[in-house]
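Peer 1: Model the following, please.
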Amino acid sequence: MNIAVSPTAEGSSGRAQVQWSLRWENELQLADHAELAEFFRKSYGPTGAFNAQPFERSRSWAGARPELRVIGYDARGVAAHIGLLRRFIKVG
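Peer 2: Purely as a prediction, here's the structure:
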């Protein structure tokens, strides 16, 4: 399921527009995981090498693997990411 929400051209504010994509985990290819892993290493690396370590070797998740991802792309590649994971809770 891919949904493009906004155009990739720059808006009147001069900032690059973000194009959003809604993707199930099983729709992602190895290249997608590699691109996401690079985004996370760049994002978490400045906070310490330990924080970027889970994203080595094209791994695009740190703990539990998301089922659904919302990925924002701009002219330079991945610009934003939201990972969704269902948890089932038994009450009683």
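
Peer 1: And the strands in the protein, which stretches?
Peer 2: Counting by DSSP state E, the chain has strands at residues 19-24, 68-74, 77-84.

Peer 1: Pairing partners for the shortest one, with directions?
Peer 2: Sheet pairing for strand 19-24, assigned by DSSP bridges, gives strand 68-74 (antiparallel).

Peer 1: same thing with the last one?
Peer 2: Sheet neighbours of strand 77-84, with direction, are listed as strand 68-74 (antiparallel) (DSSP bridges).

Peer 1: mind exporting the partner strand as PDB, just the C-alpha atoms?
Peer 2: What follows is strand 68-74, C-alpha atoms only, in PDB (Å, rounded to 0.1, in the frame of the first residue of the first chain):
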ATOM      1  CA  LEU A  68       3.500  -0.800   9.300                       C
ATOM      2  CA  ARG A  69       5.700   2.200   8.400                       C
ATOM      3  CA  VAL A  70       5.000   5.700   7.400                       C
ATOM      4  CA  ILE A  71       8.100   7.000   5.600                       C
ATOM      5  CA  GLY A  72       8.600  10.600   4.600                       C
ATOM      6  CA  TYR A  73      10.900  11.300   1.600                       C
ATOM      7  CA  ASP A  74      12.400  14.600   0.400                       C
END
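
Peer 1: Now do the buried residues in that strand.
Peer 2: Buried residues in strand 68-74, defined by neighbour count with 16 or more other Cβ atoms under 10 Å: 69, 70, 71, 72, 73. Every residue, glycine included, has its C-beta placed from N, CA and C.

Peer 1: Turn the residues you listed into a markdown table, columns for distance to residue 47.
Peer 2: Shown next, in a markdown table, are the buried residues of strand 68-74 (distance: Cβ to Cβ, whole Å):
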| residue | distance to residue 47 |
| --- | --- |
| 69 | 22 |
| 70 | 23 |
| 71 | 21 |
| 72 | 21 |
| 73 | 23 |
